[in-house]
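1. Sharing a model that was predicted from the sequence below.
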Amino acid sequence: MYKIAVMGDRDSIYGFAALGLDIYPTADPAEAAKKLRRLAESGYAVIYMTEALSASLEPEIERYRAQFVPAIIPIPGVSGNTGAGMAHVRKSVEQAVGSDIIFNDENEKSR
């Protein structure tokens, strides 16, 4: 059975434990990269990660993008939304569909 993990600073991820998700508090990018590799190799299908942490681990995350599992999903932390999560969704949709079908209307309005 696949599992779900959440990585990031303690304040941002602590509440996910109440939902039954496995939490892994970390702020150190080197430690987080090692933990990400261990989680990816030990049956985690989804790994939620705070946007701040995912920004510092982009090269490590890139190695898992083409794989089916784990899906690494950036989420906002307590410091706020940086827009990285939405940019990730946009990129994934463009790759899957071939065009920007989600945000296309927003781009047209800004012109």
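-> Thanks, I have the structure now. Here the structure is a predicted model, which means the values were calculated and not measured.

2. Contact partners for residue 78?
-> Residues near residue 78 by Cβ atoms under 8 Å, 6 or more residues apart in numbering: 9, 11-12. Where C-beta positions appear, they are placed from N, C-alpha and C, glycine not excepted.

3. and residue 22, what is it in contact with?
-> By Cβ under 8 Å, 6+ apart, the contact set of residue 22 is 3-6, 44.

4. do residue 29 as well
-> Going by Cβ under 8 Å, 6+ apart, residue 29 touches 53, 56-57.

5. mind putting these in a markdown table, secondary structure and neighbour count included?
-> As requested, the contacts of residue 29 are exported to a markdown table (DSSP: H, G, I helix; E, B strand; the rest coil; neighbours: other Cβ atoms under 10 Å):
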| residue | secondary structure | neighbour count |
| --- | --- | --- |
| 53 | helix | 24 |
| 56 | helix | 16 |
| 57 | coil | 19 |
